[in-house]
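Enquirer: following is a predicted model, sequence given first.
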Amino acid sequence: MRSGGARTGVAVAVGLAYVVLALLALLPAPVPFLVLAVLLVVAELWLSRQTGEVLPLLLRSQLGVRFRLLSLDVLTAVLAARFLPERALIVALAVVSVVLLHGGRDAGGIFARRREWRRNGGPVSWRNLSVPGLPDPRTARPVAELSAPLALLTLLLPLGFAIGDATDRLSASLVAELLVIAVLALYLAGRLLQYWLLNRVSMDEVRARVQAVLETQEPEIVVHFSGRRRTVEQVLLWVPVLRELGRPCLLVVREPTHLDALEGCGIPVVFAPRSQDIELFMVRSVRLALYPSDITNINNHLLRVPGIYDVLVGHGDSDEPENRSPIARMYDEIWVAGPAGRERYAYLAAGVPERRIREIGPVRPLTAAPLPAVPGNRPVVLYAPTWENATTSTDLSSLVERGSAVLEALLARQDVRVLFAPAAPTGSRLPEYADAVAALARRVAAAGFEHAVLEPEQIPAALAAASFAVLDVSPLVSEAIRLDVPFAAPAIRGHDAAAMVERFPTLSAGAVLEDLPEDVFLALDDALGDDRRAGARAAMRAHLDGEEPQDLPRRFAAAVTDAFEAQRRRRAFARPS
């Protein structure tokens, strides 16, 4: 909080300083103008490094750092006109310098972002793949909002005027202006040369070279994924199964944010931003496409490519709306964990024939970071709300509406250790969810003792160690049932307990929290005591996963083989199989 207050104080001071700077330019007072300009540039650099985009409170939001430094440059030109009104050349060069400074800062940012874009592959990118003639992509580094060298170069002009005022050598002003113009001319020339070097290989040629490598790799299976930031675990779930399969595979992602998490996974990864890129990279060897997500129309980019067998595999077993959507009719098959997954599509409006649904067993969360050891042996209680999902219509998170009440109820108990573990993508669509996570994390930290906020990769270990869990409707509910962990789910708006169980049948194996905190206490007492829902969890476990829940690799391999055979038999629309 002190740090935030300091930044606000500096922002206010910066806003007032620009007003004073304008007065010093009009007087004119070159030496005080230089001193204040130095302080302003240092403050701007500090603000840009601290918070990225802090605007002085006395300025409107549209008057950002770009405009503020332009104001400093313009005031420097005003100073020149007021200080040396009879020296037209010096005033004219001051104006030229100001224009070049402003253009140079803009060009510097543009070229820096372009450089990082090309270093990360440019029009496409890739991981776990070597493309002849092209360097391996590097993760794009964030470009600083304010270039320190160019910002400091701004001070050379008022320095020249200050020296001229103090020594009566007005030529110092002219030298400073010529130096600024020369430096900026060389800088821009260097950036143009760098731009030309980075673009020696055209964008079409980059795509063609990536396609050529894929032709030699001959992938038979493509996993197509699109999702918001930090949803890449939906793909990572399938990586161990795909690697064990022993067939050449390719992961295609539609957002570059997923690339780093997939680096080193053992399967080639390609980032394909355009629908045309999807068509280009679907080389002749591809026979099967798997889709871990069904919540975006971007899947259509691959579904329309003929000659490929399309299968919706999802990213975990749950009652979420996307696991029973009529959109699933687009796919050739839907692979689910067990009978419960099949039943989700057993309604007329779904329009999905039962013969197109195949049970392959559950895909389980990856082995991840363990829980830190703590003294004491109090039972572990986990609160793991889901994220806000990709659309409001599919948002089942309790975080914003009921998160504080749930957490307060759990922390009120002195006989348990509370772990708070929000889902990784939380806040990627709606900022208020990230704000809620931050507020609850502060509350857990303030509670002290053994309570803790966990990283998303620690959720599997936390659930396995929990004696009780409060979960939203998500794959974690099914995982709690598999691990035989008593659980409860907060009721969502407009649903009582009966309506929740009717809409989300897996909740029949747990408690539904309507009245807080009373229902939390009752559910927790039962979990730590009689555990009356143990039988319901056992029955639901068999219903979720069927008779062979631990044999996913074999059943998955058999499903892939059958899909290949089905694709071979059916008629190709536009190309031979």
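Expert: Cool, got the structure. Numbers count the residues shown, from 1 in each chain.
Enquirer: in this structure residue 299 contacts residue 225, no?
Expert: No - counting by C-beta atoms under 8 Å, residue 299 sits too far from residue 225 to count as a contact (9.3 Å). In short, each C-beta sits where N, CA and C put it, glycine included.
Enquirer: anything in contact with each of the two?
Expert: Shared between the contact lists of residue 299 and residue 225 (criterion: C-beta atoms under 8 Å, 6 or more residues apart in numbering) are residues 291, 293.
Enquirer: OK, contacts around the nearest residue to residue 550 once chain neighbours are set aside?
Expert: Of all residues not flanking residue 550 in the chain, residue 361 sits nearest, at 7.3 Å (C-beta to C-beta, 6 or more residues apart in numbering). Residue 361 makes contacts with 337, 338, 545, 546, 548, 549, 550, 551, 552, 555, 556, as judged by C-beta under 8 Å, 6+ apart.
Enquirer: in stretch 454-465, which residues are buried?
Expert: Neighbour-count burial for stretch 454-465, counted by 16 or more other C-beta atoms under 10 Å, picks out 454, 456, 457, 458, 459, 460, 461, 462, 463, 464, 465.
Enquirer: what's the burial count for residue 564?
Expert: Residue 564 is flanked by 17 other residues according to other C-beta atoms under 10 Å.
Enquirer: next: residue 138.
Expert: A count of nearby residues for residue 138, using other C-beta under 10 Å, gives 12.
Enquirer: in a strand, that's where it is, yeah?
Expert: No - secondary structure of residue 138 (DSSP: H, G, I helix; E, B strand; the rest coil): coil, not part of a strand.
Enquirer: isn't it right up against residue 118?
Expert: No - using C-beta under 8 Å, residue 138 makes no contact with residue 118, being 9.9 Å away.
Enquirer: return the subset of the contacts of residue 361 lying in helices.
Expert: 545, 552, 555, 556 (DSSP state H).
Enquirer: tell me the contacts of the last one?
Expert: In this case it means residue 556. Here residue 556 is in contact with 241, 245, 335, 360, 361 (C-beta under 8 Å, 6+ apart).
Enquirer: and the gap between it and residue 335?
Expert: 8 Å (C-beta to C-beta, to the nearest Å).
Enquirer: which neighbours do the two have in common?
Expert: Going by C-beta under 8 Å, 6+ apart, residues that sit against residue 556 and also against residue 335 are residue 360.
Enquirer: picking that back up, of the contacts of residue 361, just the buried ones, ChimeraX syntax please.
Expert: Under the burial definition 16+ other C-beta under 10 Å, those of those that qualify are selected in ChimeraX by:
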select :337,338,545,546,549,552,555,556
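Enquirer: tell me which residue lies nearest the centroid of the chain.
Expert: For the chain, residue 229 is the residue whose C-alpha lies nearest the centre (C-alpha atoms, centre = their mean; 2.1 Å).
Enquirer: wait, that one touches residue 425, no?
Expert: Yes - with contacts counted by C-beta under 8 Å, residue 229 reaches residue 425, the gap being 6.4 Å.
Enquirer: re earlier: looking at the contacts of residue 361, which is nearest residue 271?
Expert: Distance to residue 271, by C-beta to C-beta, is smallest for residue 556 among these, at 25.6 Å.
Enquirer: let me know the pLDDT of that closest one.
Expert: What the model reports as pLDDT for residue 556 is 96.
Enquirer: if we can go back for a sec, hang on, the residue nearest to residue 550 in a helix?
Expert: No - assigned with three-state DSSP, residue 361 falls outside any helix and is coil.
Enquirer: heads up, I number from 13, so please use that
Expert: Renumbered: residue one is now 13, and that last one reads residue 373.
Enquirer: the longest helix in this structure is where?
Expert: Counting residues, the longest helix found in the chain (DSSP H) is helix 100-131.
Enquirer: before we move on, back to that, out of the buried residues of stretch 466-477, which two sit at the greatest distance?
Expert: Using C-beta to C-beta, the buried residues of stretch 466-477 reach their maximum pairwise distance at 468 and 477, which is 15.9 Å.
Enquirer: that older thread, of the contacts of residue 568, buried ones?
Expert: Among the contacts of residue 568, those classed as buried by 16+ other C-beta under 10 Å are 253, 257, 347, 372, 373.
Enquirer: columns distance to residue 332 and pLDDT on top of those, output as TSV?
Expert: TSV is the format used below for those (distance: C-beta to C-beta, whole Å; pLDDT from 0 to 100):
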residue	distance to residue 332	pLDDT
253	21	95
257	26	95
347	16	97
372	19	94
373	19	92
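Enquirer: ok so, going back, quickly note the distance from the residue nearest to the centre of the chain to residue 440.
Expert: With C-beta to C-beta as the criterion, residue 241 and residue 440 are 4 Å apart.
Enquirer: kindly report the same for residue 256.
Expert: The value you get for residue 256 to residue 440, if C-beta to C-beta is used, is 30 Å.
Enquirer: more neighbours: these two, which one.
Expert: Higher neighbour count among residue 256 and residue 440: residue 440, with 20 against 12, using other C-beta under 10 Å.
Enquirer: show me what contacts that one?
Expert: 240, 241, 242, 243, 399.
Enquirer: 6 Å - rerun?
Expert: By C-beta atoms under 6 Å, 6 or more residues apart in numbering, residue 440 lies in contact with 240, 241.
Enquirer: residue 500 pairs with what?
Expert: As for beta bridges, residue 500 partners with residue 482, residue 523 under DSSP bridges.
Enquirer: next: residue 347.
Expert: Residues in beta-bridge contact with residue 347 (DSSP bridges): residue 370.
Enquirer: I figured it hits residue 371, correct?
Expert: No - in this structure, residue 347 is not within contact of residue 371 by C-beta atoms under 6 Å, at 7.8 Å.
Enquirer: mind checking how far the longest helix of the chain is from the chain centre?
Expert: In terms of C-alpha atoms, centre = their mean, to the nearest Å, the centre of helix 100-131 is set 32 Å apart from its chain centre.
Enquirer: now for it, which elements pack on it?
Expert: helix 77-95, helix 160-165, helix 183-210 (3 or more C-beta pairs under 6 Å, 6 or more residues apart in numbering; DSSP states H and E).
Enquirer: how about it: buried residues?
Expert: For helix 100-131, by 16+ other C-beta under 10 Å, it's 102-103, 105-107, 109-110, 112-114, 116-117, 119-121, 123-124, 126-127, 130-131.
Enquirer: quick one, it and helix 77-95 angle?
Expert: Angle between the axes of helix 100-131 and helix 77-95 is 160 degrees (criterion: axes from the mean of the first three to the mean of the last three C-alpha atoms, to 10 degrees).
Enquirer: pLDDT of helix 100-131, averaged?
Expert: 90.
Enquirer: one more: stretch 469-488?
Expert: Rounded mean pLDDT across stretch 469-488 is 95.
Enquirer: dump the residue contacts of residue 311.
Expert: Neighbour list for residue 311: residue 303 [criterion: C-beta under 6 Å, 6+ apart].
Enquirer: so how far is residue 159 from the residue nearest to residue 78 when sequence neighbours are not counted?
Expert: Take residue 78 and drop its neighbours on the chain: the residue closest to it by C-beta to C-beta, 6+ apart is residue 117, 7.1 Å away. In this view, residue 117 and residue 159 are 6 Å apart by C-beta to C-beta.
Enquirer: next: residue 386.
Expert: Counting by C-beta to C-beta, the gap from residue 386 to residue 159 is 46 Å.
Enquirer: where are the low-confidence patches of the stretch 313-462 of the chain?
Expert: The stretch 313-462 of the chain contains residues with pLDDT under 70 at 379-380.
Enquirer: just the helices from it, written as ranges.
Expert: Assigned by DSSP state H, counting those that start in this stretch, the stretch 313-462 of the chain shows helices spanning 351-355, 411-424, 443-459.
Enquirer: reformat these as TSV; add distance to residue 194.
Expert: Shown next, in TSV, are the helices of the stretch 313-462 of the chain (distance: least, C-beta to C-beta, whole Å):
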stretch	distance to residue 194
helix 351-355	69
helix 411-424	56
helix 443-459	45
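Enquirer: ramachandran coordinates for the residue nearest to residue 187 when sequence neighbours are not counted?
Expert: Leaving aside its sequence neighbours, residue 187 sits nearest to residue 172 (C-beta to C-beta, 6+ apart; 6.3 Å). Recorded main-chain torsions at residue 172 are phi -60, psi -40, according to degrees, to the nearest 10.
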